[in-house]
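Trainee: Below: sequence and its predicted model.
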Amino acid sequence: MESAIHTAAPPEAGRSRGSLAEDVCRRIADEIVLGQLAPGTRLDEVTLAARFAVSRTPVREALKQLAIMGLVETRPNRGSVVAALSVEQLNHMFEAIAELEAACARHAALRMSEADRAAMRQHHAEGRAAMQAGDIERYEAANVALHATIIRGCYNPVLIDMATSLRDRVSSFRRTQFRNLERMSESFEEHSVIVEAILAHDVITTYREMRSHLISARSATTRAAPAWGNAPATAAAPLPPDPLP
């Protein structure tokens with residue numbers, strides 16, 4: 001099954017192999033999440049390379065990354081195919097990322113450098129401008145940068161690696177929530193509370209608000225993304241009460 005999206009990609013000349021692979025990966029991931037590539041669809045390297053106007057190398061790298069994200073699987077005699085997805089799988093990933101990012105944020109409230117805090121404020125300001133303009137792409141970029149800055153600000157390499165890896169796996173799903181402009185505004189307000197708590201070195205509020213923010217993102221994402229294979233949608237199990245007093 002071919003995707004419903006047929007917009008040609010920019011030509012390969014002048015772009016690095018890494019950036020080409022990232023672009024192809026993102027575009028295929030978005031089509032999978034939005035249901036434009038159905039579960040079981042074969043992803044042929046030659047066809048995709050022609051469609052995106054790139055060589056097979058960045059396509060091959062993109063498919064490897066999509067497999068790591070759980071969006072693509074390799075089957076004998078068929079090669080890469082779109083994986084079957086379920087609400088339950090996504091809920092499990094969001095439960096994990098809520099706990100991991102909340103822990104990162106709690107440490108960041110005490111460990112961030114002044115440069116980190118300045119970068120966080122800048123990304124939050126960029127999010128405000130994008131939200132006010134209704135610019136989904138700019139808001140998503142600011143959102144990614146803000147969360148990445150907070151994660152790195154925990155200065156715990158194990159937490160950073162785990163949180164970043166899981167964020168990468170759910171990134172395409174998280175983008176779908178901002179198709180609803182009301183959710184963009186809600187997300188910005190949630191960010192405001194988190195940023196304020198971090199700047200005040202308030203570890204308890206930071207932890208709770210980041211955790212709550214990601215629970216809200218989970219709900220918004222599962223409402224916005226239709227690509228859950230043929231499995232019936234199941235309600236997310238509630239997270240246990242937060243462990244802080």
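Mentor: Here it is on my side, so go on. Numbering: from 1, shown residues only.

Trainee: Please count neighbours and contacts with C-alpha atoms only from this point.
Mentor: OK.

Trainee: got a list of what the residue nearest to A130 when sequence neighbours are not counted touches?
Mentor: Spatial nearest neighbour of A130, chain neighbours left out: Y139 (5.0 Å); criterion: CA to CA, 6 or more residues apart in numbering. By CA atoms under 8 Å, 6 or more residues apart in numbering, Y139 lies in contact with 126-128, 130-131, 184.

Trainee: my read is Y139 is in a strand, agree?
Mentor: No: counting by DSSP: H, G, I helix; E, B strand; the rest coil, Y139 is not part of a strand but helix.

Trainee: per the record, what domains does the chain have?
Mentor: The chain is divided into the following domains under automatic domain parsing: 17-82, 87-224.

Trainee: V24 contacts F52, correct?
Mentor: Yes: using CA atoms under 8 Å, V24 makes contact with F52 at a distance of 7.3 Å.

Trainee: Scan the helices and strands of the chain for the one with the lowest mean pLDDT.
Mentor: helix 17-33 (a mean of 85; mean pLDDT, DSSP states H and E).

Trainee: residues of that one that come out buried?
Mentor: Of all the residues in helix 17-33, those buried under the rule 16 or more other CA atoms under 10 Å are 17, 20-33.

Trainee: And stretch 199-218, by the same measure?
Mentor: For stretch 199-218, burial by neighbour count (16+ other CA under 10 Å) applies to 199, 201, 203-218.

Trainee: cool, and stretch 81-93?
Mentor: Under 16+ other CA under 10 Å, the buried positions of stretch 81-93 are 81-88, 90-91, 93.

Trainee: ok, then the element right after the longest helix along the chain?
Mentor: If you go by DSSP state H, the chain has its longest helix at helix 87-111. Reading on from helix 87-111 to the C-terminus, the next helix or strand found by DSSP states H and E is helix 114-133.

Trainee: which SS class is the residue nearest to the spatial centre of the chain?
Mentor: The centroid of the chain falls nearest to S171 when counting by CA atoms, centre = their mean (1.5 Å). Secondary structure, three-state DSSP: S171 is helix.

Trainee: follow-up on the earlier one: who are the packing partners of the longest helix of the chain?
Mentor: Applying 3 or more CA pairs under 8 Å, 6 or more residues apart in numbering; DSSP states H and E, one finds that helix 87-111 makes contact with helix 136-152, helix 157-176, helix 181-199, helix 203-224.
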